[in-house]
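**Q** For reference, the sequence and a predicted model appear below.
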Amino acid sequence: MLTQRSNIRYEEIYLRAKRLKELVIDKTTQDQVNKFELRVRELEQEVTRQDSVIADMAEETKEAIRQLSFTIELRLTFIKHKRHGGRSTHMVFCASSLREKPPRWSSQEDLTSLYSPNHFETVSNPLPSPVKKCPLGPA
């Protein structure tokens with residue numbers, strides 16, 4: 001009986017030591033989990049910040065592309081206008097419909113090539129002066 005009690009006692013001591021070891025491991029594991037959770041939060045904040053930077057850069061890129069497209073279209077129209085000698089086809093534009101301040105041109109005739117992409121019309125007219133007509137009403 002004494003042996004049985006002593007075996008039970010040793011078994012209890014063994015189980016307590018094992019449980020204590022598990023608790024120490026659990027504490028270490030919990031510390032690591034806490035560190036990882038903190039790191040995850042930091043990385044999520046970094047991702048959010050980078051997303052906003054990417055969105056801003058995308059918006060700037062879209063604006064640059066829009067401006068380049070407008071400039072290319074403007075120059076192509078100017079070249080087309082010059083090919084026709086500036087007489088058979090005149091560009092009609094409304095200054096109030098321009099989104100931005102137009103670039104400076106060297107002569108008055110060059111101003112006829114300015115237009116807004118949304119309010120462009122081509123009018124056939126043999127007269128050398130441009131036809132001034134604004135689809136939005138008087139400028």
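**A** Yep, it's here. Residues are numbered from 1 along each chain as shown.

**Q** Now do the contacts for Lys82.
**A** Residues counted as contacts of Lys82 (C-beta atoms under 8 Å, 6 or more residues apart in numbering): none. In short, each C-beta sits where N, CA and C put it, glycine included.

**Q** Distance of it relative to Leu76?
**A** Distance, Lys82 to Leu76, by C-beta to C-beta, to the nearest Å: 11 Å.

**Q** hey, what's in contact with both of those two?
**A** In contact with both Lys82 and Leu76: no residue, using C-beta under 8 Å, 6+ apart.

**Q** which SSE is Asp56 in?
**A** Taking DSSP states H and E as the definition, Asp56 sits inside helix 2-83.

**Q** Against Glu42, how distant is Thr3?
**A** Thr3 is 58 Å from Glu42, by C-beta to C-beta.

**Q** can you check Gly85 too?
**A** Using C-beta to C-beta, we find Gly85 at a distance of 67 Å from Glu42.

**Q** for His84, phi and psi?
**A** phi -80, psi 10 (degrees, to the nearest 10).

**Q** Neighbours of it, how many?
**A** Residues lying near His84 (other C-beta atoms under 10 Å) number 11.

**Q** where's it relative to Thr77, distance?
**A** Using C-beta to C-beta, His84 is found at 11 Å from Thr77.

**Q** for Ala17, same thing?
**A** Where Thr77 is concerned, Ala17 sits at a distance of 89 Å (C-beta to C-beta).

**Q** Which one's more surrounded, those two?
**A** Of the pair Ala17 and Thr77, Thr77 is the one with more neighbours under other C-beta under 10 Å, namely 20 against 10.

**Q** mean confidence for stretch 4-23?
**A** The pLDDT scores in stretch 4-23 average 83.

**Q** okay, now Leu23: neighbour count?
**A** Counted with other C-beta under 10 Å, Leu23 comes out at 10.
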